[in-house]
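>>> 3D model of this:
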Amino acid sequence: MPNRGLLAGAILAIALVGWVAASAPAQDTAPKTASAPQAQVTQRPYRLDFTLTELESGKKIDAREYSMNLSPAGGGGRVQIGTRVSAGTKADGTPQYIDIGTLIIGMLYMRDGALMMNANCDVSSIVPDAAKVDGRPVLRTLTISNSTAVVEGKTVLVGTADDPDSKHEFELEVTVTEMK
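As a prediction, the model looks like this:
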């Protein structure tokens, strides 16, 4: 009887499925209910006050201040001020522009219980009209980029840069204050 072989195969398959089901870890079939929320560590926001100071032969001649509010868990922020300047045309004839000015990007994070900050400061300016190449402005740029530990209420030097064409030096400092 061919049906006997089919019946034996079906019984074997049912037994195999039963054996697999019995050896598998038990699954919770109870309806899911909303579990109590995990205690979340809320990290207060901080105010970052940046000061970009220009010195000539060690004497302060200018200082600019920039601020942003950040949270160690909330990513980064940026402050940008400047002018969009025509820089000629692209190969296809469309106008090309560049941003001239100051851009500061900051990010706070916690590492091993310490408050850390990444900062990137880009400053660009146009060299006076006498300096042009193919009718396009010549740019002077300054970049200070660093990752450092910060302490609330203490001013930290992020970095310094010397201008190779003058006796000017630039310092970027930051003071981090927890917002209440």
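>>> what's the closest non-adjacent residue to residue 102?
residue 123 (5.0 Å; Cβ to Cβ, 6 or more residues apart in numbering). C-beta: built from backbone N, CA, C; applies to glycine.
>>> quick check: the one you found vs residue 44, distance?
According to Cβ to Cβ, to the nearest Å, residue 123 and residue 44 sit 30 Å apart.
>>> got it, and residue 85?
Applying Cβ to Cβ, the value for residue 85 to residue 44 is 40 Å.
>>> who's more crowded, the two?
residue 85 (16 against 9; other Cβ atoms under 10 Å).
>>> where does pLDDT dip in the chain?
1-42, 129-135 (pLDDT under 70).
>>> how is residue 85 assigned, secondary-structure-wise?
Following DSSP: H, G, I helix; E, B strand; the rest coil, the label given to residue 85 is strand.
>>> no no, residue 44
coil.
>>> okay, which residue is most central for this protein?
residue 76 (4.4 Å; Cα atoms, centre = their mean).
>>> so which strand or helix has the nearest residue to that residue once chain neighbours are set aside?
Nearest non-adjacent residue to residue 76, counting by Cβ to Cβ, 6+ apart: residue 107, 3.6 Å away. Using DSSP states H and E, residue 107 falls within strand 95-111.
>>> after that strand, which helix or strand is next?
Downstream of strand 95-111, the first helix or strand assigned by DSSP H and E is strand 114-126.
>>> next, the angle strand 95-111 makes with that following strand.
Calculated by axes from the mean of the first three to the mean of the last three Cα atoms, to 10 degrees, strand 114-126 forms an angle of 160 degrees with strand 95-111.
>>> show me what counts as buried in strand 114-126.
Buried residues in strand 114-126, defined by neighbour count with 16 or more other Cβ atoms under 10 Å: 115, 117, 119-124.
>>> helices of the chain, start to end?
Along the chain, counting by DSSP state H, helices occupy 2-23.
>>> against residue 171, how distant is residue 65?
Separation of residue 65 from residue 171 (Cβ to Cβ): 13 Å.
>>> who has more neighbours, these two?
Set side by side, residue 65 and residue 171 show more neighbours around residue 171, with 17 against 9, by other Cβ under 10 Å.
>>> let me see the contact set for the residue nearest to the centre of the chain.
The contact partners of residue 76, by Cβ atoms under 8 Å, 6 or more residues apart in numbering, come to 70, 105-108, 118.
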